[in-house]
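J.: Structure for this input, please:
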Amino acid sequence: MAPEVVANKTGNQPYEFKADLWSLGITLLELAEMNPPLHEIHPMKALMMIPMRDPPTFTHPDKWSKEFRDFITICLAKSPEKRKTAEEMMQHPFITSCKSKQVLIDLIQKRKKAEDADRAADEEEDTDTDSDEENASGTEDKNSNSKQKMDPLTSPVTPRVSTPELSPPASPAGPRAPTQRDRGSTSSGDRPGSAEAPKGTARGTARPGNPNRPTYRTNKKLTKKEIKMMEAQIISRQLLKEQLKEIRANQTRQVSDMERQTKQHARDLEAAQAKFEAAKATQIRSHAKEQERIKSRQKTDVENLTRNQTTQRKDSVKSSQTVMKQHVKNLEKESSRHKKEHSDLIKNLQKEHKAHIKTQGKSLSKKDQKVMTLEHNQSVEWQDLLFEQNQNQIQFNEQFEKHTTLQDENARAERDMLEKSHLLAWEHLVQNQKATSADLRLTHSQQMDYLNLKAPLEEKQLQEKQELQKIQLKETLQLENTQQGVLLAAEMKNQLKEHRKEQTKVREESKVNLQKLSRQLGTSKEGKASLKVKSQEETQRMNERFQRENKEFEEKQAKQKAEETEMIQKHQAAKLQQQITEHGEQREELKKQHEEMFKKVKEEIQISEAELEEKHRLEQKELLAAQHVERSNLNVNLMKQKEASFQDHMNEQTKLLDAQYAAQVEMKQKHFKELESEGSAKKSEQGGELENVKKTHEEKSKNLQDKLQGDFEALKSKLKDEFHLAEEHLAKEKAALENRILPFNLSMA
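T.: Next up, the predicted model:
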């Protein structure tokens, strides 16, 4: 057996195909040495010695080639890791330099011829020996013995040479049973009632009724000399069977206990896993419910905000209309007041004119008075026109300013509503991200809880498994101690039996010698006295010899017992130390696995948290960008509305100025016609006044255009500044997100 196979008695150290390379090396060594290693030792002892000894070698290495020795050395490497694979061994020079099969055939034929010659010589010698024995015995005994030898039904036969497996496989990869080659000894029946095998019995398997059946090794028939050599190596088959039965029962019980413990450990791990899965499922359901609740609440918030904003817009429109109506009323009141003041002013002018006419009436002609009255009326009419135009201009400008004010207020309201929508969107985003983060943290917490539950459970299971292995190893070692003690007692008993048999044989020889001496000395008195003296001397000498031999025999047995006890103690100490080392390595390996498991889970947690943080930051950036686009679009729309309003105001103002200019020109022309009808109008004066009116109109138009253009440029500059501020605000918010700092709106939310 390979060392790892012997070490795998309890199935704790599974082995692989490299154990067969060890068997190949042992087989080649047996072919070379004609006996396997440790063939002279009891199989049960050999099993303990294999793991402790160095790999076997050649007795005479010089007899074999360097390639053959190297090939066997590689096959018999004690550590499986140092043994090469079958593919690598096929490239060894010992294999690649092989000659044809004819060499092996020639060797087999030569061996067969030599065996036939040896067999013929042995048979001839056996025949001569049988003849001498038959001549020395009586005729009746010879016939009886001959009949008994020739009767195959009553003749005892050599029992079937087979040794049960030393250990049943404890697992699918358990140790294979030791074969005859592994043990190096042949078991034959030495049960009570078994007799010496007759001549010609096969070396291997034999059946009653066919004593000359060939073996699986050779067709050679056994001679009496070979049978006697075999009988010298036979062990107690019944004792070995009983010990193997005990080993099988012990291993079966240990395997059953180990399987029971393994199943229990598997159930415990499955229960922990089921608990984790149940908690995970509960968390998923809870998260789904929380998401539904958040979505429902957010939907309600959006609907409420939309409804409030719609109501606010309607109220704003109504308020604007009410304000404009009130403003128009106020303008009408102001205009009425101004008209009354102007009317009073005109009346005063009329009174002054009448007084002047009355004062100057005597010095003026009627025509001059009529012309002065016409000019005064024209002047009043002109003042009324200018006053009315001025009032219209004032009302138009004030209405535009009020409209602009209301438009700005509506714009601010739209911006406020947009900001509220944005704030609500941020709040919803924060809620969703907080829920997602909380769910992820709960998942990570459950994972860590599962690991914190699994790791101690596995450590506890490993401890229980190792405790069971310790108990099983102690039981196995105790069984080995008991069995080795029985084997040693049986061996010593056989040795004592042989020792006493030798002493009995010596006594018989001494007795025969004394009988011969008695016949030689005769029955005379001197002869009897001499025989008595000789007998006493021989008895004393034999007793001294027996005492000396008994002492040596006892010392030899004591030394053997001490050596075997020491060997067993070393073997068991090595087993215990090996188990301690293996248990320590298993604990370290489990600790390392747990550390790697925790490290891996923590890294996964960090990665998932970083990914979620990056995802949240991207969502915030996308929301910021979308809100920036909405703000920009709103500002663009408001700017377009204001530009359109300014443009309409400019067009209306131009139309109003043109209409006023046309009215002034028409009145001037009318006045000149009236004066011409009276004969007091001059062409040059008419042209000069029209030029003054035109010049005044152009100045007003230019001033108005400059004013409106300045206001429009100021508006564009203000909107441009607002755009720049919005861009800077967006850039700051993006930078805050990049630095993992919540923006202002998110903090507010």
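J.: Could you look up the SS state of residue 37?
T.: coil (DSSP: H, G, I helix; E, B strand; the rest coil).
J.: Next, count neighbours for it.
T.: 20 (other C-beta atoms under 10 Å). (C-beta placed from N, C-alpha, C; glycine too.)
J.: Also residue 96?
T.: Using other C-beta under 10 Å, residue 96 is surrounded by 9 other residues.
J.: cool, residue 54 as well?
T.: Neighbour tally, residue 54, other C-beta under 10 Å: 7.
J.: ok now do it, which residues does it touch?
T.: By C-beta atoms under 8 Å, 6 or more residues apart in numbering, residue 54 lies in contact with residue 78.
J.: For it, report the pLDDT, please.
T.: Looking at residue 54, its pLDDT stands at 79.
J.: so how far is residue 639 from it?
T.: 99 Å (C-beta to C-beta, to the nearest Å).
J.: again with residue 484
T.: Residue 484 sits 107 Å away from residue 639, going by C-beta to C-beta.
J.: Please apply the same query to residue 601.
T.: For residue 601, the distance to residue 639 (C-beta to C-beta) stands at 56 Å.
J.: Residue 623: what's it in contact with?
T.: Counting by C-beta under 8 Å, 6+ apart, residue 623 touches 425, 426, 429.
J.: Reformat these as JSON lines; add neighbour count.
T.: As requested, the contacts of residue 623 are exported to JSON lines (neighbours: other C-beta atoms under 10 Å):
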{"residue": "425", "neighbour count": "19"}
{"residue": "426", "neighbour count": "22"}
{"residue": "429", "neighbour count": "19"}
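J.: With respect to residue 289, which of those is nearest?
T.: Closest approach between these and residue 289, by C-beta to C-beta: residue 429, at 20.1 Å.
J.: Residue 371 against residue 675, yeah?
T.: Yes - the pair residue 371 and residue 675 passes the contact test of C-beta atoms under 8 Å, sitting 7.5 Å apart.
J.: Any figure for the gap between residue 403 and residue 338?
T.: The gap separating residue 403 from residue 338 is 21 Å, by C-beta to C-beta.
J.: To clarify, my last question referred to residue 513.
T.: Residue 513 sits at a distance of 179 Å from residue 338 (criterion: C-beta to C-beta).
J.: Could you identify the helix or strand that succeeds whichever strand or helix holds residue 583?
T.: Secondary structure from DSSP states H and E places residue 583 in helix 525-678. Using DSSP H and E, the helix or strand that follows helix 525-678 in sequence is helix 683-738.
J.: Return the list of helices and strands in contact with that next one.
T.: helix 525-678 (3 or more C-beta pairs under 8 Å, 6 or more residues apart in numbering; DSSP states H and E).
J.: The helix it packs on versus helix 683-738: what angle between them?
T.: 170 degrees (axes from the mean of the first three to the mean of the last three C-alpha atoms, to 10 degrees).
J.: What ranges in the stretch 151-300 of the chain fall below the confidence cut-off?
T.: 151-237 (pLDDT under 70).
J.: Of the contacts of residue 623, which is the nearest to residue 705?
T.: residue 425 (44.3 Å).
J.: Tell me the secondary structure at that closest one.
T.: Quick answer, by three-state DSSP: residue 425 is helix.
J.: which residues does it contact?
T.: By C-beta under 8 Å, 6+ apart, the residues touching residue 425 are 623, 627.
J.: so how far is residue 489 from it?
T.: For residue 425 relative to residue 489 (C-beta to C-beta), the value is 94 Å.
J.: Give me the distance between stretch 604-615 and the centre of its chain.
T.: Going by C-alpha atoms, centre = their mean, to the nearest Å, the spacing between the C-alpha centre of stretch 604-615 and its chain's C-alpha centre is 18 Å.
J.: Stretch 456-469 now?
T.: 23 Å.
J.: Next: stretch 444-457.
T.: That offset, for stretch 444-457, works out to 14 Å (C-alpha atoms, centre = their mean).
J.: And that stretch, what's buried?
T.: Judged by neighbour count (16 or more other C-beta atoms under 10 Å), stretch 444-457 contains these buried residues: 444, 447, 450, 451, 454, 455.
J.: could you dump the residues you listed to CSV with distance to residue 79 and pLDDT?
T.: Shown next, in CSV, are these (distance: C-beta to C-beta, whole Å; pLDDT from 0 to 100):
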residue, distance to residue 79, pLDDT
444, 44, 90
447, 40, 88
450, 39, 89
451, 36, 90
454, 34, 90
455, 32, 91
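J.: so which two of the residues you listed are the farthest from each other?
T.: Between all members of those, the farthest pair (by C-beta to C-beta) comes out as 444 and 455, at 16.2 Å.
J.: hang on, the earlier thing: pLDDT on the helix holding residue 583, on average?
T.: pLDDT averaged over helix 525-678 gives 86.
J.: Pull the distance from that helix to the chain's centre.
T.: For helix 525-678 - counting by C-alpha atoms, centre = their mean - the centre lies 9 Å from the chain centre.
J.: Just give me how far the helix or strand hosting residue 353 sits from the chain centre.
T.: For residue 353, the host element (DSSP H and E) is helix 237-360. Centroid displacement of helix 237-360 relative to its chain, using C-alpha atoms, centre = their mean, is 38 Å.
J.: Show me what it is packed up against.
T.: Applying 3+ C-beta pairs under 8 Å, 6+ apart, we find helix 237-360 packed against helix 43-49, helix 366-521.
J.: can you list those helices in CSV and add distance to residue 101?
T.: Listed next are the helices and strands packed on helix 237-360 as CSV, based on distance: least, C-beta to C-beta, whole Å:
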stretch, distance to residue 101
helix 43-49, 34
helix 366-521, 44
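J.: By mean pLDDT, show me the worst of these.
T.: Mean pLDDT is lowest for helix 43-49 out of the helices and strands packed on helix 237-360, coming in at a mean of 70.
J.: which strands and helices sit next to the helix or strand following that helix?
T.: Beyond helix 43-49 on the C-terminal side, the first helix or strand identified by DSSP H and E is helix 66-75. Counting contacts by 3+ C-beta pairs under 8 Å, 6+ apart, helix 66-75 is packed against helix 18-33, helix 86-89, helix 93-96.
J.: who touches the last one?
T.: Residues from elsewhere that reach helix 93-96 (C-beta under 8 Å, 6+ apart): 65, 67, 68, 70, 71, 89.
J.: can you check the first one too?
T.: Helix 18-33 is contacted from outside by 1-5, 36-37, 56, 58-59, 63-64, 68, 71-72, 74-76, 80, 83-86, 89, 176, 181-182, 184, using C-beta under 8 Å, 6+ apart.
J.: Show me which positions of it end up buried.
T.: Judged by neighbour count using 16+ other C-beta under 10 Å, the buried positions of helix 18-33 are 18-19, 21-26, 28-30, 32-33.
J.: need those in TSV with distance to residue 670, can you?
T.: Shown next, in TSV, are those (distance: C-beta to C-beta, whole Å):
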residue	distance to residue 670
18	132
19	135
21	136
22	139
23	141
24	140
25	142
26	145
28	146
29	148
30	151
32	152
33	154
